[in-house]
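Participant: after the sequence you'll find the predicted model.
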Protein chains: 2
Amino acid sequence: MENEFISTEQIERLIDEKKVKEIRQLFEVVPTIDLAEALSDIEDTKKIIFVFKTVKSEYTAELFTELKPEIKEDLINLMSNDELTDVLEQQFTDDLVDDLEELPANIVTRVLRNVPKERRATINRLLNYKEDSAGSIMTTEFVVILSNMTADEAIKQIRKNGRNKETIYTLFVMDNQRNLVGTLDLDDLIFADGDTKVTEIMNRDFVTVNVDDDQEEVANVVKRYDLNAIAVLNNDGRLVGVITVDDIMDIIEEETTEDISKMQMVTPLEDSYLETSPIKMARKCIPWIVVLLILGTFSSMVLSIFEDRIASIAILAAFIPVLMDTGGNAGGQTIALMIRGLSLQEFGPRDFWKVIRKEAVSAAIIAIIIGAFAFIWFSVEQYLGIVTNSNLGYDVSIWLGNCWSKEYFMEVMKVSGLVAGTLTIGMFLSKMVAVLLPMGAAAIKKDPAIVSQPLLTTIVDVTSLLVYFGIASLIFVF
Amino acid sequence: MENEFISTEQIERLIDEKKVKEIRQLFEVVPTIDLAEALSDIEDTKKIIFVFKTVKSEYTAELFTELKPEIKEDLINLMSNDELTDVLEQQFTDDLVDDLEELPANIVTRVLRNVPKERRATINRLLNYKEDSAGSIMTTEFVVILSNMTADEAIKQIRKNGRNKETIYTLFVMDNQRNLVGTLDLDDLIFADGDTKVTEIMNRDFVTVNVDDDQEEVANVVKRYDLNAIAVLNNDGRLVGVITVDDIMDIIEEETTEDISKMQMVTPLEDSYLETSPIKMARKCIPWIVVLLILGTFSSMVLSIFEDRIASIAILAAFIPVLMDTGGNAGGQTIALMIRGLSLQEFGPRDFWKVIRKEAVSAAIIAIIIGAFAFIWFSVEQYLGIVTNSNLGYDVSIWLGNCWSKEYFMEVMKVSGLVAGTLTIGMFLSKMVAVLLPMGAAAIKKDPAIVSQPLLTTIVDVTSLLVYFGIASLIFVF
């Protein structure tokens, strides 16, 4: 995203010239994330410290959150304990926990020493939840309303306790036993008469998630119900945290990147592309290529077995790439539909048979239509002399005028039939494997995106080659 | 998503038994989207009409929005003009416009006849914006606050005008000339003293989008700045609409599905997977496979040209699949990184050289490391007898004990060198093409996701084959 408001040079000059007033003004009119981005490129972290000392504390928390981990580390090292405490006090607990997960241990210790005891306990609890679980991303800063309050009392409660909470747009209503009995939208509260009972305007049809639920599942629920915030319950059914929609957006982004990376067999990058060094990039890419290269040995093996057949009818080799590619392409389409459908929960493992049946029918239609087209196309290729079968002693190209011989015609039909037939079988198989593997992965609660097109290609390649030379052995005399 | 609250059978029974009270209660405790899903599977639309007549009008609008287009069409046909007007009155204009875009023309005419004249004008205006532009997805129902108001006056204004607005959590502040001068978060208003001036608590650092901006760009802005709603300005800089975060979530979902589909060369489905018929599915899949199949002709052509070489050294054919696949896989990884980086705006066309340089370095590292590994691996394959070169009269497998002959060793080195060399060149080229094409597409403002891995594979296949047989002609005597 182009930073339209402020450049690193501009802000660095203001810092160098100690223009306190201008810097303060900047934070009023420029979004903090843009300023954080501009500041991130300043070499000398001491200059950033100067900004922290200059601007209002309401801006420093967000500024700190948006900086890169390396800069956060430098900053913490440069700050006095008092300065550090000031910054930490303003941070939302869930942001702070995110930071701590990325920072080195000695920094974490120092940060924890500088937060009050009670908050430290909360942070430690959040740090203990499984990675990517609802517990690990929730915030503990939310507003509770008691069910026996009136609208006016609720608003008073929000004014008293709502500051520094992650959201006040969704409020959580508890009864006297501290059970969650409803959620309350701030707008309903605003429109209600002052003496309306909270129980009359709260939502009883609220949904919740469990602390152990996966973040992707949480994202799907929030999206489905168009929520601003969702309650997270522990295993005893108690409200322990809240996840807000802005965090959900980040999760969706992260999960999508993960899906796309896995689909193309590259380990997801931790940082943005431009921040990842070529060496690190190589480390993310090489392992999977090596795995696939080794798996590719099987197709070399099959071809080596049929070496003498290729030597005697070399035209067979000419169609190998198109056979491989078409099978892979057909399966890749199905994989895209599966990965997306599963991740949006349009269907799940329980729809196994429904999906298999649907895909079998459409795969059959596709394979037969493409097969028929391919048969014609491969025949045209031979008649136009695009591929020739010099070994067999026939070159049927229309330019030579010998394309009308019945013997030549039969040879062309044999080759086209063989290739198109293998293609049809290969495409059908490829699409079926492309359904079975992700659905199977989902059924045993594994990430379906692990079944990538490259992996599929490798499996289908070997099968297609066996079918190809199997049929070839039947219809040709070698 | 599993519907945990209600099944179609349960709700159908309640309707059949005309249990008005139970149905009303159901809408209090079950999220409307779950009810809409359960109702969608009822065959007889008249039963759904009964629900519309039974429940409070505050639920019918959302219920209507969540139903499938076919059912909406049936419902509108079955409703009297008065009933229709009731439902339409409750609907948000942006939802209504979305519906109208999917409904047949006669229904659209009837709907438009049943909304008040002023609203009809708004709807027609929204219908005229380009598809997927900010204008086409925005709502015109937002709350305006005047900049000279106090906090108390602003709240009074919200209570008066805020009902039936898409959001009151973000308010839009205008000066006397009706210029947008700020946005105001409802929480800041709640925490402010009653006589605080709006100008003191509003955000001056707000961002806006233009009516013609693409929805993906809008989504990126809302995500970047963690907004609840964003102002849409027309070309004169006037506030004409607002887009809220729940619509943004739908856009992100839609755009991601589009990216993933294009990456695997399947035309995105309009409906969910389970609702798409196999025939329709085939129509989405077949065209691209045919295009790729025809493009595949070039690799057949190259192989056909080198037919006599394959016939005399058939081992060359054995490595064709692994050459093709590895090139495609390597490029596919880069495509995944490009598509994702571009769509998240981590980089853009302006970073062209930066990205090219970075990718060239990492592609070189990857190609050389994998090439070296492949050289060793291909040699091992030959020594283990996984691939044999019977034509050349050498079979060097260690089992035969003849693997130590210098002559045989040289033959193995030649083959491994040829294949690994081609692989190295192919991978590097593939990764570079995988950068150039999407970045080029982005530079001329085309969707980079159009450059899919299948297309790349086809391009790289031909190049690799030419390199392969080119080098082969140099080092082997045919």
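Facilitator: The structure has been received and is ready for your questions. Bear in mind that the values here come from a model prediction, so they are computed numbers and not experimental data.

Participant: can you tell me the helix or strand for A:I243?
Facilitator: strand A:239-244 (DSSP states H and E).

Participant: okay, now the closest residue to A:T256 other than its chain neighbours: neighbour count?
Facilitator: Excluding its sequence neighbours, the residue lying closest to A:T256 (CB to CB, 6 or more residues apart in numbering or on different chains) is B:T256, at 5.0 Å. The way it works is simple: take the backbone N, C-alpha and C, and place the C-beta from them, glycine included. By other CB atoms under 10 Å in any protein chain shown, 23 other residues sit near B:T256.

Participant: how about the secondary structure of A:K160?
Facilitator: Under DSSP: H, G, I helix; E, B strand; the rest coil, the three-state class of A:K160 is helix.

Participant: which residues touch it?
Facilitator: Residues in contact with A:K160 (CB atoms under 8 Å, 6 or more residues apart in numbering or on different chains): none are found.

Participant: from chain B, how far out is it?
Facilitator: From A:K160 across to chain B, the span is 10 Å (CB to the nearest CB, to the nearest Å).

Participant: for that residue, give its distance to A:F409.
Facilitator: Using CB to CB, to the nearest Å, A:K160 is found at 91 Å from A:F409.

Participant: also A:T388?
Facilitator: 15 Å.

Participant: over to A:P321?
Facilitator: Taking CB to CB as the measure, A:P321 and A:F409 are separated by 26 Å.

Participant: do the same with A:N329
Facilitator: Taken as CB to CB, the span from A:N329 to A:F409 is 30 Å.

Participant: next one: A:E17
Facilitator: 87 Å.

Participant: what do you get for A:G332?
Facilitator: 35 Å.

Participant: mind exporting the helix or strand where A:V462 lies as PDB, just the C-alpha atoms?
Facilitator: Per DSSP H and E, A:V462 falls inside helix A:453-475. Provided in PDB are the C-alpha atoms of helix A:453-475 (Å, rounded to 0.1, in the frame of the first residue of the first chain):
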ATOM      1  CA  GLN A 453      -1.500 -30.000  -6.800                       C
ATOM      2  CA  PRO A 454       2.200 -30.800  -7.200                       C
ATOM      3  CA  LEU A 455       1.800 -33.900  -4.900                       C
ATOM      4  CA  LEU A 456      -1.300 -34.900  -6.900                       C
ATOM      5  CA  THR A 457       0.500 -34.500 -10.200                       C
ATOM      6  CA  THR A 458       3.300 -36.800  -9.000                       C
ATOM      7  CA  ILE A 459       0.800 -39.500  -8.000                       C
ATOM      8  CA  VAL A 460      -1.300 -39.200 -11.200                       C
ATOM      9  CA  ASP A 461       1.800 -39.100 -13.400                       C
ATOM     10  CA  VAL A 462       2.800 -42.600 -12.500                       C
ATOM     11  CA  THR A 463      -0.700 -44.000 -12.800                       C
ATOM     12  CA  SER A 464      -1.200 -42.300 -16.200                       C
ATOM     13  CA  LEU A 465       2.200 -43.700 -17.500                       C
ATOM     14  CA  LEU A 466       1.300 -47.200 -16.400                       C
ATOM     15  CA  VAL A 467      -2.100 -47.000 -18.100                       C
ATOM     16  CA  TYR A 468      -0.500 -45.500 -21.200                       C
ATOM     17  CA  PHE A 469       2.100 -48.200 -21.800                       C
ATOM     18  CA  GLY A 470      -0.300 -50.900 -20.600                       C
ATOM     19  CA  ILE A 471      -2.700 -50.000 -23.400                       C
ATOM     20  CA  ALA A 472       0.100 -49.400 -25.800                       C
ATOM     21  CA  SER A 473       1.400 -52.900 -25.200                       C
ATOM     22  CA  LEU A 474      -2.100 -54.200 -26.100                       C
ATOM     23  CA  ILE A 475      -2.600 -52.300 -29.400                       C
END
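
Participant: what packs against that helix?
Facilitator: helix A:278-295, helix A:297-305, helix A:307-312, helix A:315-318, helix A:320-343, helix A:406-443, helix B:320-343 (3 or more CB pairs under 8 Å, 6 or more residues apart in numbering or on different chains; DSSP states H and E).

Participant: measure how it sits relative to helix A:297-305, angle-wise.
Facilitator: 20 degrees (axes from the mean of the first three to the mean of the last three CA atoms, to 10 degrees).

Participant: list the buried residues in helix A:453-475.
Facilitator: A:453-469, A:471-472 (16 or more other CB atoms under 10 Å in any protein chain shown).
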